[in-house]
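# Could you look at this predicted model? Sequence included:
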Amino acid sequence: MAVNGDAEHEFAPQKKKPPSEDEKRKKKIVPGSLMKALVRPGGGDSGPSDGGDQVIYHCTIRTLDGVVVESTRSDYGGRGTPIRHVLGKSKMLLGLLEGIPTMLKGEVAMFKMKPQLHYGEDNCPVSAPDDFPKDDELHFEIELIEFFKAKVVTDDLGVVKKVTHEGQGWESPREPYEVKAWISAKTVTGKLIISHTEGEPYSFTFGKSEVPKGLELGIGTMVREEKAVIFVTSQYLTQSPLMPVIEDYDEVQFEVELVHFIQVRDMLGDGRLIKRRIRDGKGDFPMDCPLHDSLLRVHYKGTVLNERNRVFYDTRVDNDGQPLEFCSGEGLVPEGFEMAVRLMLPGEIALVTSPPDYAYDKFTRPANVPEGAHIQWEIELLGFEMPKDWTGLDFKSIMDEAEKIRNTGNRLFKEGKYELAKTKYEQVLREFNHVNPQDDEEGKVFANTRNLLHLNVAACLLKLGDCRKSIETCNKVLEANPANVKGLYRRGMAYMASGDFEEARADFKMMIKVDKSTESDATAALSKLKQKEQEVEMKARKQFKGLFDKKPGEIAEIKADEDGDQKTSENYRDSEVDGDSDATNLQDSHEAAPNLHPRGWFSPVFWFFLFSLGLVLSLLAYWQKSIFFSAS
C-alpha cells in the first residue's frame, strides 16, 4: 500500500536537539540544594525566559549568619552597578541560572544555595573572587530590576540591544552609509553623559569611527525609525567625535532613535565610483531595481568636478524637459552611469561620483567635458520597462526577438565592447533553453541560429583573451556537427592563440577536407600558423643563444631578450562576428595575438628545449669527468 508522503513526513521521528551546557548543568541540581524565600513581590504575569532574555539585577551575598561577603550595592561596599546577564548566553552561577527565571520584575528574593549551586560547583564557569567561601552554604539576595528580550550584537555580550519601538523596512546602515540619529548616553546609575535629542539629529558616516565602536555595531542592527537602548561595555567604548573623552565607565547605555540614513554604495570597492541615495524610491531593494536589461527613463544633471561643479548637461534644460530614454546593456551611456541606475528604485534620486575611466574617457565625450575629468551625475529614475517576455510567443516571433538581440550584440562587438556583446548572445542562448521547435524546418532554423550564437560567444571570449573557454564553446557546435567549417576555423584560431599549434593545424586541414570552398581561407590560416611557429622558434633560439659557444667546464647563462620582447610581428585587424545565418566569410572570424609560449607537447620549442637540456647535462658530466681524471 502506498504511503502518503506528507503523512510519512509528519509521523517520522524528529531528531532531538542535543541539550545545551546549561541544561546539562541543571540536571545536577538535587532537592534541597536550592531554596527560595520571597522578600518583596514583583509585578507582571511572567518571569524572564531562559531563551535569550536579558536580566538586570542587584546581588548581595551573605553567610548564613548575615555577614555580607559581596554585593553590587553601594550600601554594602559595591560600585552600585547592577549585573546584566543574557539567560542562555552569559556564564552564570547554577543557582542563579535556575532561580532568576522564577522571579517577576521588581521582585526581591533570597536564595539559599549549597556550595555545588554557586562557586563550589565542579567546573564552575564563573571564577570565584579571592578569599571567597566557596565551600560554604550561602544566601543570595536578588533584586530583579528589569528583563526584556535582547538582541545580542557581539558574541561576548559586550554589545546588547533592547528594542523599545519597532522601525520600518528591513535595511540597516552599513559602511559607508550616512546616518542621522537622536542619541543620548547614560551610565548604569542614570548619570547623563551626552545628549543629542534637540535641534538637529547627530550625523555621522558609518565605518569612519565617528561614534564609539559598540554604538556603531548596535546601530548597524537597526532599521529606520527604530528606537532602542544599546548597552555597551567598556571594551567597546572607543574614543570618537561623539565621545572624545572616555572615562572609567564599566558600561554605557545609549538611547538611540534612528531617524534616517542615506544609502551610500562603493560600486568598485576602491572609493572611486560612489552612489549616494538622496531620495528613496518606491519598492523593495533589489527586487524592484532594473537589474536586467531594460528600457530606462531618467532625468539627470551632469557636472564637472574640480571646476566649481560646472554643469555640462541637464535633461530638463538641454533636452526640452524630456527625460533620457535608453536600453541598458547596450553600451549607450557611460559604464558608471549605467551601473548606478541598475541599483536604483523608481522615483529614487541618486548622486553618483565617477572617475574618468567610468565616465567619458571610454565613451563619447561631450564637447564641454575635458579629458580625464571626474564627473558627478544627479540621476532620477522615472521608471523602466522590463524586456519582453517570450512566454506565449509563436516560433517566428521568438526568432524575431532573438535576431534583434543578436544584432545588438553584433553592433557591440564591432564597437569593441566584447563583454557586453557576449552578454547579449548568452541572453538569447538562455532563453533558447525554453524554446521547442515544432517541425523539422523550425528545428533547422533554431539549430543554425544557436550555432551562430555559440560561435559569436567564442569570438568574444577570444577577444577577451580566454582561449580555453573559446575552445570549449566551439566544441558545443562541433560535437553536434564535426564538419562545421566556421566552428573548425574559430577553434583553430583559438588553438593558435593559445600556442597549441598541432591542434590548430588539424582544424585548418579538416576545413579543406570537409569543404573545398574554404581552401583559400584554410591555406591563409596555415600560413599564419607557420609564421607563428617560426617566430616562436626564433625567439627560443635567441633565448638560448651562446649556449653552444662555451668550452667544456663553462656553463652558459640563458637570458631572455633584454627588451623583454613579448610582441608578435603582426597585429591582426579586429574581426567581425557572424551576422546572417548563411554567412561564410571565414576571414572575418575572430583572431587574437597568439601566446608565444606554446603548451602543446609536440611544439618545436618543447623539443628544442629538451634537446638543449640534454646537451647541458652532457657537458656538465664531461666537465666533471675531466676534473676527476686531471686530479688523479
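Yep, it's here.
# part of a helix, is Gly99?
Yes. Counting by DSSP: H, G, I helix; E, B strand; the rest coil, Gly99 is part of a helix.
# helix/strand/coil for Val298?
Going by three-state DSSP: Val298 is strand.
# same check, this time on the one 3 residues further on
Remark: Lys301 carries the secondary structure label strand [criterion: three-state DSSP].
# Need phi/psi at the residue nearest to Asp515 when sequence neighbours are not counted.
Of all residues not flanking Asp515 in the chain, Val485 sits nearest, at 5.0 Å (CB to CB, 6 or more residues apart in numbering). (Each C-beta comes from the backbone N, C-alpha and C, glycine too.) The phi/psi pair for Val485 (degrees, to the nearest 10) reads phi -70, psi -30.
# Val485 against Met511, yeah?
Yes. At 5.1 Å, Val485 and Met511 qualify as touching, with contact defined as CB atoms under 8 Å.
# Quick check, central residue of this structure?
Residue closest to the mean C-alpha point of the chain, counted by CA atoms, centre = their mean, is Gly269 at 10.1 Å.
# so it sits in a strand?
No. Going by three-state DSSP, the assignment for Gly269 is coil, not a strand.
# shift numbering so it begins at 59
In the new numbering, first residue 59, that becomes Gly327.
# could you measure it against Phe190, distance?
Here the criterion is CB to CB, to the nearest Å. By it, Gly327 lies 53 Å from Phe190.
# and Val543 and Met569? which has more neighbours close in?
Remark: of Val543 and Met569, Met569 carries more neighbours, 26 against 20, as counted by other CB atoms under 10 Å.
# Report the secondary structure state of the closest residue to the more buried one other than its chain neighbours.
Leaving aside its chain neighbours, Met569 sits nearest to Ala580 (4.2 Å; criterion: CB to CB, 6+ apart). Of the three states, Ala580 takes helix under three-state DSSP.
# wait, what's in contact with Ala580?
547, 566-567, 569-570 (CB atoms under 8 Å, 6 or more residues apart in numbering).
# Give the buried subset of those as a ChimeraX selection command.
If you want just the buried ones from those in ChimeraX, going by 16 or more other CB atoms under 10 Å, the selection is:
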select :547,566,569,570
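# Quick check: of the contacts of Ala580, which lies closest to Ser298?
Top of the list for closeness to Ser298, among the contacts of Ala580 and by CB to CB, is Tyr547 at 64.9 Å.
# Is that closest one within a helix or a strand, and which one?
Using DSSP states H and E, Tyr547 sits within helix 543-556.
# circling back to that earlier point, from Met402, how far off is the residue nearest to the centre of the chain?
Distance, Gly327 to Met402, using CB to CB: 19 Å.
# Ok, Phe262 next?
For Phe262, the distance to Met402 equals 25 Å [CB to CB].
# what do you get for Glu443?
15 Å.
# In terms of pLDDT, where does the residue nearest to Met569 sit?
Listed pLDDT for Ala580 reads 94.
# Ok, the one 3 residues further on next?
Ala583 carries a pLDDT value of 94.
# Give the buried residues for stretch 162-179.
Counting neighbours by 16+ other CB under 10 Å, one finds that the buried residues in stretch 162-179 are 162-163, 165-179.
# So which of those residues are in strands?
Counted as lying in strands by DSSP state E, out of the buried residues of stretch 162-179, are 166-171.
# so which of these comes closest to Glu204?
Val166 (13.6 Å).
# Quick check: that closest one touching Arg98?
Yes. Using CB under 8 Å, Val166 is in contact with Arg98, at 4.0 Å.
# okay, and the common contacts of these two?
What both Val166 and Arg98 touch, as defined by CB under 8 Å, 6+ apart, is the set Glu201.
# Now do the helices in the chain.
Per DSSP state H, the chain carries helices over the ranges 63-69, 79-84, 152-157, 271-277, 373-376, 393-399, 453-472, 476-490, 498-521, 525-536, 543-556, 559-572, 577-601, 662-689.
# where are the low-confidence patches of the protein?
Along the chain, the parts satisfying pLDDT under 70 run over 59-73, 603-634, 636-690.
# and with 50 instead?
Scanning the chain for pLDDT under 50 picks out the ranges 59-69, 613-633, 638-643, 645-660, 680-690.
# which one of the ones in strands among the buried residues of stretch 162-179 sits closest to Leu154?
Phe169 (7.5 Å).
# quick one: contacts for that closest one?
Counting by CB under 8 Å, 6+ apart, Phe169 makes contact with 92-95, 153-154, 157, 197-200.
# coming back round to it: higher neighbour count, Glu443 and Met402?
The neighbour comparison of Glu443 against Met402 (other CB under 10 Å) goes to Met402, with 25 against 12.
# And that one, how far from Trp228?
For Met402, the distance to Trp228 - CB to CB - is 18 Å.
# Could you measure from the closest residue to Ala95 other than its chain neighbours over to Arg142?
Leaving aside its chain neighbours, Ala95 sits nearest to Met168 (4.5 Å; criterion: CB to CB, 6+ apart). Look at Met168 and Arg142: by CB to CB, they are 21 Å apart.
# now Val184
To Arg142, Val184 is 14 Å away according to CB to CB.
# of the two, who's got more company?
Arg142 (21 against 14).
# mind saving the C-alpha coords of stretch 442-456 as CSV?
These are the backbone C-alpha positions of stretch 442-456, laid out as CSV (Å, rounded to 0.1, in the frame of the first residue of the first chain):
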residue,chain,number,x,y,z
PHE,A,442,11.7,51.3,-16.6
GLU,A,443,10.2,48.6,-18.8
MET,A,444,11.4,45.1,-18.5
PRO,A,445,12.3,43.1,-21.6
LYS,A,446,9.5,41.4,-23.5
ASP,A,447,8.5,38.0,-22.0
TRP,A,448,8.8,35.3,-24.6
THR,A,449,6.2,33.1,-22.9
GLY,A,450,3.3,32.5,-25.3
LEU,A,451,5.0,33.8,-28.4
ASP,A,452,5.0,31.8,-31.5
PHE,A,453,8.2,30.5,-33.1
LYS,A,454,8.6,33.3,-35.6
SER,A,455,8.1,36.0,-33.0
ILE,A,456,10.7,34.3,-30.8
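# What lies in contact with stretch 493-502?
If you take CB under 8 Å, 6+ apart as the criterion, stretch 493-502 is touched by 448, 453, 456, 503-504.
# Pick out the most distant pair among the residues you listed.
Trp448 and Val503 (15.7 Å).
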